[in-house]
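Q: here are the coordinates; sequence isn't available:
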């Protein structure tokens, strides 16, 4: 494999995407006009942090080159585009706005003509851009009695609700996913918004036909409830169209996953995980999502055909278990440059139910239900672990030819913490090196980035006996 | 016989004298972990239920290695006891997938130490018709599994008998508990909790004559000396009467409880007609009042306020296990709701193992003083 370093074309490419992001932002600002923009910034102070997205771009492309660099910039550009579309939704379609928990299917809300807003979204995006951006919301929740041991994502989301940081919805829809903390947070969110709320129940042992029917029934009941409490009306043809397009996205993603099985991998990190996180969870079934995944596939194919490795000096191939280290999301950039670690795939992207059967309304609901129940977070926080948790880890290690498992050991994720002992024993038995990074998902006061770097460095040098490349 | 002392001793070990006697007589002990598990189904035809406890746990070093130290200490304590072989007398256990911590305890026990019979019930997070139908299905599968494994009679008649016996037992215990609510109570909350916890961790049949005698004796018992305040105790799992003892040592008499392991709603009678499994599913799903159930915050909050008024409580003490996500988030809202209803409220976080007694005393003293008592 040829090793490449950032060159002039890489810098031009970076500036192109930086300009595109600025153009998207500028277009929205111009559309709002100075008066509304001023009011928006006052009403939603987190907009100021979102505006700094190019600082994230700069951190993510650092030291990366060629198609890999382009792919990362392109995915982030797609996210910016998607965020702006969501913002336009809250500005111009607030009469159709609902808040929904992040694991519920946006396909259904879109097909109903509703404007969805995921409260957790900002807790995921903002710390990537501005690492300490959620601390004020975490503190706000704690000041109102929410204990600091609750996962910081629902805790920050509660804090945002308490600080009235969300757009006012018509209704709130939630579920018992992904964990007790996430589920409970919606009791507070519903109280804060003072709007009608509906909860969808997801079974614990989700693989039986009985469970699938139960959950499809729950989704049907949710649709009926939304039709009663919002202007949304289910358009089944529209749902089919969205699901068909999502299937196209899934095919493209599976093609990319096939290619990254190769050693060294022609694509890695954000190009893989961030594309799944955003386009499948927020913008499924969009033409722009299909186009982006198709472009991503082309870039990957090109790298594969020309023998170019995404990560120069790929020496180690890692699986990331749990969400990425949000407040230090460029950890992977450091790991690539320092030790030649290539992040191939992560638990949030990998899933076992990619396609939707669009042959009937029932089959669509069942497939969407199955995607949710078999999806990341849902599948891994319910049971039994012997069937859902460990098999996925060891399957991914084998299937993607990985050298190591990195667990982003978010202190608030009790579902993962309680599996740590068994995972250590199983990895030891299987001869798979395991790194558990002790940190908090979005609160850098718990473990600052230097602390994360130290843990990674200790693991790579003492366990993997890796030599630094820098 | 010193009844108080005898009941205290019954709580000292998972295998107390009554449990041992029942085992010697050929009865089969089955452990259960949560109020959503219908213990009535474990009381049929030679089976008897034992609510899982870890009395006198000294530390959870082994369990922490597996579950980490940020998991609820009740589940870690149970894992520690299991790893120590303290539950080896059980021939099976039944879990409820009621919270993340219990689900993960189940996963750890499946890996580390499985009894002959192990089952986890998929408890819905709602109480509507679809959820009740689902849970009925779960209980039918449990009944079949118990019948297959132990050869016990899980027929409708057998279950109806168990329900009747359960109701008879609960009626006696409820009657005793009512004595706490009178203007001049004759029984402390500590004494009562001791009876309730013993009842859930021992064969009930052996306790009936003793409880009947206690019930009758209470009619003539002298009222307790005056206390500074009447308190309603609210929260999840609490199986150590010593905790209530500390509250009462500071002058706060616990005149009512709304605990997972307490009298309300646990002792409410079960309907004796209809398909017993469907009846049990509906009863256990709807009567158990846990913050894990979505959509029902207001009902739970109203329930606490109305129970406090019924008990003429001067204040409400909410105790919850540290790291319990569902209670932790809900309590923040409960506190505001109860205060808005005009009732003073104290929120306490605790570990499963009784500790920090001095701090608890101080908090209770301060609370009682703050309500002007």
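A: Right, received. Where do you want to start? On a predicted model such as this, the values are computed, not experimentally measured, just so you know.
Q: would you check how far apart residue A:403 and chain B are?
A: According to Cβ to the nearest Cβ, to the nearest Å, residue A:403 and chain B sit 25 Å apart. (C-beta placed from N, C-alpha, C; glycine too.)
Q: which residues touch that residue?
A: A:316-318, A:433, A:464 (Cβ atoms under 8 Å, 6 or more residues apart in numbering or on different chains).
Q: rerun that using 10 Å as the cut-off
A: Each residue near residue A:403 by Cβ atoms under 10 Å, 6 or more residues apart in numbering or on different chains is listed here: A:263, A:315-319, A:341-342, A:344, A:397, A:432-433, A:464.
Q: cool, residue B:316 as well?
A: Contacts of residue B:316 (Cβ under 10 Å, 6+ apart): B:231-234, B:256, B:258, B:304-305, B:307-308, B:334-335, B:338-339, B:341, B:343-347, B:367.
Q: regarding residue B:234, what is its secondary structure?
A: strand (DSSP: H, G, I helix; E, B strand; the rest coil).
Q: what about it, how many neighbours?
A: Neighbours of residue B:234 under the rule other Cβ atoms under 10 Å in any protein chain shown: 29.
Q: before we move on, what about residue A:207?
A: Close neighbours of residue A:207, defined as other Cβ under 10 Å, add up to 14.
Q: surely it touches residue A:369?
A: No: at 11.8 Å, residue A:207 does not count as touching residue A:369 under the criterion of Cβ atoms under 10 Å.
Q: closest to residue B:293 out of the contacts of residue A:403?
A: Using Cβ to Cβ, residue A:319 comes nearest to residue B:293 of the contacts of residue A:403, at 35.6 Å.
Q: buried set for stretch B:218-230?
A: Judged by neighbour count using 16 or more other Cβ atoms under 10 Å in any protein chain shown, the buried positions of stretch B:218-230 are B:224, B:227-230.
Q: looking at the residues you listed, which are in helices?
A: Judged by DSSP state H, the buried residues of stretch B:218-230 include no members of helices.
Q: let me know the closest of those to chain A.
A: For these, the residue nearest chain A by Cβ to the nearest Cβ is residue B:229; the value is 22.7 Å.
Q: buried subset of the contacts of residue A:403?
A: Burial by neighbour count, 16+ other Cβ under 10 Å: within these this picks out A:315-319, A:341-342, A:344, A:397, A:432-433, A:464.
Q: list the contacts for the closest residue to residue A:236 other than its chain neighbours?
A: Nearest residue to residue A:236, sequence neighbours excluded (Cβ to Cβ, 6 or more residues apart in numbering or on different chains): residue A:361, at 5.2 Å. By Cβ under 10 Å, 6+ apart, residue A:361 lies in contact with A:216, A:220, A:223, A:234, A:236, A:239-240.
Q: could you tell me which of the residues you listed are located in helices?
A: Those of the contacts of residue A:361 lying in helices (DSSP H): A:216, A:220, A:223, A:236, A:239-240.
Q: most neighbours, which of those residues?
A: Result: residue A:239 is most packed of those (other Cβ under 10 Å), 24 neighbours.
Q: I'd guessed that one sits against residue A:232; true?
A: No: in this structure, residue A:239 is not within contact of residue A:232 by Cβ under 10 Å, at 11.9 Å.
Q: for the stretch 1-150 of chain A, which segments count as helices?
A: Along the stretch 1-150 of chain A, counting by DSSP state H, counting those that start in this stretch, helices occupy A:8-43, A:46-50, A:53-61, A:66-92, A:106-111, A:120-129, A:135-143.
Q: out of those, the one nearest chain B is which?
A: Closest approach to chain B among the helices of the stretch 1-150 of chain A is made by helix A:135-143 (8.4 Å; Cβ to the nearest Cβ).
Q: now do the helix or strand that the closest one is followed by: which elements does it pack against?
A: Next along the chain after helix A:135-143, taking DSSP states H and E as the criterion, comes helix A:152-162. Helices and strands touching helix A:152-162, by 3 or more Cβ pairs under 10 Å, 6 or more residues apart in numbering or on different chains; DSSP states H and E, are helix A:120-129, helix A:135-143, helix A:180-193, helix B:325-340.
Q: now do the shared contacts for residue A:239 and residue A:232.
A: Shared contacts of residue A:239 and residue A:232 (Cβ under 10 Å, 6+ apart): A:108, A:110-112, A:223.
Q: distance to chain B added to the residues you listed, as JSON lines?
A: Shown next, in JSON lines, are the shared contacts of residue A:239 and residue A:232 (distance: Cβ to the nearest Cβ, whole Å):
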{"residue": "A:108", "distance to chain B": "18"}
{"residue": "A:110", "distance to chain B": "24"}
{"residue": "A:111", "distance to chain B": "23"}
{"residue": "A:112", "distance to chain B": "21"}
{"residue": "A:223", "distance to chain B": "14"}
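Q: now name the helix or strand holding the closest residue to chain A within the stretch 151-300 of chain B.
A: Across the stretch 151-300 of chain B, no residue is closer to chain A than residue B:294, which sits at 3.7 Å (Cβ to the nearest Cβ). Per DSSP H and E, residue B:294 falls between elements, in no helix or strand.
Q: which pLDDT value belongs to it?
A: Note for residue B:294: predicted pLDDT of 95.
Q: OK, contacts around it?
A: When the contact criterion is Cβ under 10 Å, 6+ apart, the partners of residue B:294 are A:174-176, A:183-184, A:186-187, A:190, A:197-201, B:124-127.
Q: cool, residue B:33 as well?
A: B:51-52, B:74-75, B:78, B:93-96, B:98, B:102, B:105-106, B:109, B:120-121, B:237.
Q: I'd like to know how far it sits from residue B:146.
A: 16 Å (Cβ to Cβ, to the nearest Å).
Q: and the helices of the stretch 1-150 of chain A as JSON lines, adding mean pLDDT, distance to residue B:192 and mean neighbour count?
A: Converted to JSON lines, the helices of the stretch 1-150 of chain A look like this (pLDDT from 0 to 100; distance: least, Cβ to Cβ, whole Å; neighbours: other Cβ atoms under 10 Å in any protein chain shown):
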{"stretch": "helix A:8-43", "mean pLDDT": "94", "distance to residue B:192": "54", "mean neighbour count": "14"}
{"stretch": "helix A:46-50", "mean pLDDT": "96", "distance to residue B:192": "51", "mean neighbour count": "17"}
{"stretch": "helix A:53-61", "mean pLDDT": "97", "distance to residue B:192": "59", "mean neighbour count": "19"}
{"stretch": "helix A:66-92", "mean pLDDT": "96", "distance to residue B:192": "54", "mean neighbour count": "21"}
{"stretch": "helix A:106-111", "mean pLDDT": "98", "distance to residue B:192": "50", "mean neighbour count": "22"}
{"stretch": "helix A:120-129", "mean pLDDT": "97", "distance to residue B:192": "44", "mean neighbour count": "22"}
{"stretch": "helix A:135-143", "mean pLDDT": "97", "distance to residue B:192": "36", "mean neighbour count": "19"}
